[in-house]
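**Q** Predicted structure and sequence below. I'll ask about it afterward.
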Amino acid sequence: MRTVVRSLRAAAWWVSNQVRHQFITRNRRVAFGLTLVTVAIAVAAVHLSAWWFSPGVMILPILCGGLLLWPRALRILFVIAAICLVYDVAEDKAGAGIVATIAVTAFFADVLSRTRGKLGTRGLRADRMMIELRDRIRIQGALPELGDGWGSAVVLRPAGGSSFGGDFVVSHSDGKTLEVALVDVSGKGMDAATRALLLSGAFGGVLGSVPREQFLDACNAYLRRGKAVEGFVTAVHLAVDLASGEYTLLGVVPDLAGVPDVPEEGVLRRGDAIMLYTDGLVEARRQDIDEGINRLLGEAERLVIVGFKTGVPDLVTAMQRAINSSDDCALVLIWRS
């Protein structure tokens, strides 16, 4: 009797160990659970009321598999779902419409799984990662506190309502001087977003780390080190002395080494403001860019009445509507009160 008990315990331990080994990863556990659900739906569609269980309900575990499973496990689920679907068709519980719908759903689930597999993420982690990147870019684009007598506003509007675009802002302040760079990566929307993500980190690290007169040269050198030609980048760099109001403004030119440094300099007095913007606010098809700039200046004059802080978003919206802009738009406004 004891020998039998020992044998049963040994067998139970072996089975338990094998189960733990087979389901050691979350991917396998989820795949097993979705497989059981798929089989249960197929069987229930035949033996229970069609009002509650239709073969079309198999779409749900297939979609979940697209979100949660790696491609290999998902395709095993597809095979099992196909077998279950054949069973339901043989029992006259599923027609051509349901089969086609499930097949199309499986195709999109496979595309979703392969896309997320390239990122190395499952479920909604990829979406959370992109949201976090978007939030970090927005935080990075916010200008630091400038102290009494100064104000600032930044508006970034990617093309097509996307969360990512090719325009970005980096800034740095040591309490005495403010440095701001407004950068426009060629392209728009998601096409330019990946380069903008890379460059925003690089330019943000350079700003404040080198003398201000060397910032654009350093950025230009960084871009030229790249082996592949992926379009161009334009930028404007502003440095403001927060005590005196003196500012220096310089833009990127095709070859900084071949053109003399001729910055725009001046003084911001009380009531003055300086505005940086990208071409998405002033450039439109079949329209001279000077006309767009004049319209922008006209709209900006109204900010003196409505207030700089609250009026900047409305200014950008008005310009986008006026020129029917389909490009990324960015505007930085700094004023002294």
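**A** Sure thing, it's come through.
**Q** After the helix or strand of the chain with the lowest mean pLDDT, which helix or strand is next?
**A** Of all helical and strand segments in the chain, the minimum by mean pLDDT, DSSP states H and E falls on helix 2-22, at a mean of 52. Sequence-wise, the next helix or strand downstream of helix 2-22 (DSSP states H and E) is helix 26-47.
**Q** moving C-terminal of that following helix, what's the next helix or strand?
**A** Using DSSP H and E, the first helix or strand after helix 26-47 is helix 59-68.
**Q** In terms of secondary structure, what does that following helix contact?
**A** helix 26-47, helix 71-90, helix 96-119 (3 or more C-beta pairs under 8 Å, 6 or more residues apart in numbering; DSSP states H and E). The C-beta positions use only the backbone N, C-alpha and C, and glycine is treated the same way.
**Q** What distance do you get for Leu69 to Ala221?
**A** 46 Å (C-beta to C-beta, to the nearest Å).
**Q** and those two? which has more neighbours close in?
**A** Shown here are Leu69 and Ala221; by other C-beta atoms under 10 Å, Leu69 has more neighbours (26 against 13).
**Q** Quick check: phi and psi on the more buried one?
**A** Dihedral angles of Leu69 (phi, psi; degrees, to the nearest 10) stand at phi -110, psi 150.
**Q** Which residue is the nearest non-sequential neighbour of it?
**A** What sits nearest to Leu69 in space, not counting adjacent residues and going by C-beta to C-beta, 6 or more residues apart in numbering, is Ala31, at 5.6 Å.
**Q** show me what contacts that neighbour?
**A** For Ala31, the contacting residues are 65, 69, 73-74, 76-77, by C-beta atoms under 8 Å, 6 or more residues apart in numbering.
**Q** what about burial for the residues you listed, which qualify?
**A** 65, 69, 73-74, 77 (16 or more other C-beta atoms under 10 Å).
**Q** can I assume Ser171 sits in a strand?
**A** Yes: assessed with DSSP: H, G, I helix; E, B strand; the rest coil, Ser171 lies in a strand.
**Q** ok, it touching Glu179?
**A** Yes: with contact defined as C-beta atoms under 8 Å, Ser171 counts as touching Glu179 (6.5 Å).
**Q** which residues do the two both contact?
**A** Leu207.
**Q** And these two? Which one has more around it.
**A** Neighbour count, other C-beta under 10 Å: between Ser171 and Glu179, Ser171 has more, with 22 against 18.
**Q** Any idea what that one is bridged to?
**A** Val180 (DSSP bridges).
**Q** Can you lay out the helices and strands packed on helix 59-68 as JSON lines showing distance to Leu143?
**A** Listed next are these as JSON lines, based on distance: least, C-beta to C-beta, whole Å:
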{"stretch": "helix 26-47", "distance to Leu143": "43"}
{"stretch": "helix 71-90", "distance to Leu143": "44"}
{"stretch": "helix 96-119", "distance to Leu143": "32"}
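**Q** Of those, which is nearest Arg128?
**A** helix 96-119 (11.5 Å; C-beta to C-beta).
**Q** ok, now which ones touch the residue lying closest to Ala42 once chain neighbours are set aside?
**A** In this structure, Ala42 finds its nearest non-sequential neighbour in Cys84, 3.3 Å apart by C-beta to C-beta, 6+ apart. Contact analysis of Cys84 by C-beta under 8 Å, 6+ apart lists 38-39, 41-42, 55, 58.
**Q** Show me which pair in these is furthest apart.
**A** Across these (C-beta to C-beta), the longest gap, 11.9 Å, separates Val39 and Pro55.
**Q** From the chain's centroid, how far away is stretch 307-323?
**A** 24 Å (C-alpha atoms, centre = their mean, to the nearest Å).
**Q** ok, now stretch 330-337?
**A** Per C-alpha atoms, centre = their mean, the centroid offset for stretch 330-337 relative to its chain is 26 Å.
**Q** What mean pLDDT does that stretch get?
**A** Stretch 330-337 carries an average pLDDT of 90.
**Q** hey, C-alpha coordinates of that stretch in CSV?
**A** Provided in CSV are the C-alpha atoms of stretch 330-337 (Å, rounded to 0.1, in the frame of the first residue of the first chain):
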residue,chain,number,x,y,z
ALA,A,330,5.1,75.5,-33.4
LEU,A,331,5.2,78.9,-31.8
VAL,A,332,7.3,80.2,-28.9
LEU,A,333,6.5,83.6,-27.4
ILE,A,334,8.5,85.3,-24.7
TRP,A,335,7.6,88.7,-23.3
ARG,A,336,8.6,91.2,-20.7
SER,A,337,6.0,92.9,-18.6
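**Q** Only the buried residues of that stretch, if you could.
**A** 330-336.
**Q** Same list (those) but as a markdown table, adding distance to Gly208 and secondary structure.
**A** As requested, the buried residues of stretch 330-337 are arranged in a markdown table below (distance: C-beta to C-beta, whole Å; DSSP: H, G, I helix; E, B strand; the rest coil):
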| residue | distance to Gly208 | secondary structure |
| --- | --- | --- |
| Ala330 | 20 | strand |
| Leu331 | 22 | strand |
| Val332 | 17 | strand |
| Leu333 | 21 | strand |
| Ile334 | 17 | strand |
| Trp335 | 22 | strand |
| Arg336 | 21 | strand |
